[in-house]
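1. I would like to see how this sequence folds:
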Amino acid sequence: MTDRLLSKPWAQIMAHYESAPRDGAYQALRALVERISGSELVSGLHGWTSMHDLCLTQALAYYPYSGPYLRIRAVNAMELEFRYIDTPCESEQWARTVPAEQAWGRFLSFLEQLSWFTELGVDRVTPRGDMSES
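-> Okay, the predicted model is just below:
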């Protein structure tokens, strides 16, 4: 069996979330994807979707993928869950559920904790044209 590329171009990921219902739990996830895809972080993050979850790694992922990744999912219209899947034992996985308005800050904190972008200094990263935390 030939390995297939699991990672998708950011334009395709964004299109996936733009096609999701606008009035439901995916609004917060769509907003986070928009911020990521509009930031300088996009050059060092590789993602794919699993149903409506967003999955992220530092390197291209090929199917079947069994390495560590960050999964971000909409819990409801007001909250997102960040879960770092680096072990099959769910109780040992790092996980945080945050209000939607804190998602960008939590995301940057995660990147900083794992030193995914030490050369950029994630504390200085802001999406183009938006200096707010929202």
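2. Model confidence score at the closest residue in space to residue 20 that isn't next to it in sequence, please.
-> Among residues not flanking residue 20 along the chain, residue 26 sits closest, at 4.1 Å (C-beta to C-beta, 6 or more residues apart in numbering). C-beta here means a position set from N, CA and C on the backbone, and glycine is covered the same way. pLDDT for residue 26: 81.
3. Is residue 71 in a helix, a strand, or coil?
-> Residue 71 carries the three-state label strand when classified by DSSP: H, G, I helix; E, B strand; the rest coil.
4. looking at it, it is touching residue 52, isn't it?
-> No - with contacts counted by C-beta atoms under 8 Å, residue 71 stays clear of residue 52, the gap being 11.0 Å.
5. how far does stretch 44-54 sit from the chain's center?
-> Using C-alpha atoms, centre = their mean, to the nearest Å, the distance from the centre of stretch 44-54 to the centre of the chain it belongs to is 6 Å.
6. what about it, how long is it end to end?
-> 15 Å (C-alpha to C-alpha, to the nearest Å).
7. repeat for stretch 73-81
-> Distances were taken as C-alpha to C-alpha; on that basis the terminal residues of stretch 73-81 are 5 Å apart.
8. And stretch 46-66, by the same measure?
-> One end of stretch 46-66 sits 15 Å from the other (C-alpha to C-alpha).
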